[in-house]
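Undergrad: Provided below for reference: sequence and predicted model.
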Amino acid sequence: MKRSEINQIICDGLEFCCRMNFHLPPFATWTPQDWEIQDHEYDEIRDNMLGWDVTDFGLGNFAEKGLLVFTIRNGNAQLDKYIKPYAEKLLIIREGQITPYHFHYSKMEDIINRGGGELMIQVYNATDDYQLADTPVEVSVDAHTFSVAAGSILALTPGESITLPTYMYHQFWAEGDMVLCGEVSMVNDDNVDNHFLEEVGRFPEVEEDEPPSYLLCNEYPLAPN
């Protein structure tokens, strides 16, 4: 992805958060120059990859398949000094923009429509060899537990949420408007815990066609000594 595209995507995301009256923590708008002077007091942000995450899943078409994420809080199963057993993310989903089928090995999560259009989410169980199963899927929408056919699409209006256990395939997109989507989950580790149905990339290679306005969560410099 070009840096100019990433800059614009984050700028659009910040504007959408303002429109939805959702306030992000101060480090959401720290510049690269701000990051150069942040000492070890901010290592939790660096170590746990909090902040902005833009991906086109390596497919080269962010508008069709892509996602803008801001990780607000997260623990770290690999580092004992971070004891949070939970994570919280903000997902900003454009109309018709698909996050491809995937499940998580370890992470159970709640996906919440916090405002905007409808959040459409399609669900399958995974087979033993990680394909799409044709078995009924038990879902929980705002603590209402029921069964749906494999491949069913659920429409979540603002305020509604769904619980996604491990090994439940899901893909999602927005309809009617962009969606401000919350994710509350167990500790998140995008390096090892995602299984996509089709092979995709997770973090983009960046073409530096202009300076970054904000750094991505995998770009922070080390703290000054």
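TA: Received it, and whenever you're ready, just let me know what you need. Numbers count the residues shown, from 1 in each chain.
Undergrad: which helices and strands sit right next to the strand ranked longest in the chain?
TA: When secondary structure is assigned using DSSP state E, the longest strand within the chain turns out to be strand 168-186. In terms of contact count using 3 or more CB pairs under 8 Å, 6 or more residues apart in numbering; DSSP states H and E, strand 168-186 is assigned the packing partners helix 3-19, strand 86-93, strand 99-104, strand 109-125. (Glycine included, C-beta is placed from N, CA and C.)
Undergrad: mind putting those into CSV with mean pLDDT?
TA: Shown next, in CSV, are the helices and strands packed on strand 168-186 (pLDDT from 0 to 100):
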stretch, mean pLDDT
helix 3-19, 98
strand 86-93, 98
strand 99-104, 97
strand 109-125, 98
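Undergrad: looking at those, spot the one closest to Leu59.
TA: Closest of the helices and strands packed on strand 168-186 to Leu59 is strand 99-104, at 8.4 Å (criterion: CB to CB).
Undergrad: can you mark which positions in the closest one are buried?
TA: Of all the residues in strand 99-104, those buried under the rule 16 or more other CB atoms under 10 Å are Thr99, Pro100, Tyr101, His102, Phe103, His104.
Undergrad: give me the angle between that strand and strand 86-93.
TA: Orientation check (axes from the mean of the first three to the mean of the last three CA atoms, to 10 degrees): strand 99-104 against strand 86-93 gives 170 degrees.
Undergrad: what sits up against strand 99-104?
TA: Residues lying outside strand 99-104 but in contact with it, judged by CB atoms under 8 Å, 6 or more residues apart in numbering, are 57, 65-67, 91, 93, 122, 124, 126, 132, 164, 166-173, 193-198, 200.
Undergrad: type out the ChimeraX command that picks the buried ones from those.
TA: Applying 16+ other CB under 10 Å to those, the buried members can be selected in ChimeraX as follows:
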select :57,65,66,67,91,93,122,124,126,164,168,169,170,171,172,173,193,196,197,200
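Undergrad: partner residues bridging Leu91?
TA: Bridge pairing for Leu91 (DSSP bridges) gives the partners Val69, Cys181.
Undergrad: confirm for me that it is in contact with Glu183.
TA: Yes. With contact defined as CB atoms under 8 Å, Leu91 and Glu183 form a contacting pair (5.9 Å).
Undergrad: enumerate every residue touching the residue nearest the centre of the chain.
TA: With the centre of the chain defined as its mean C-alpha position, the nearest residue by CA atoms, centre = their mean is Val69, 4.4 Å away. By CB under 8 Å, 6+ apart, the contact list for Val69 reads Trp52, Asp53, Val54, Thr55, Lys89, Leu90, Leu91, Ile92.
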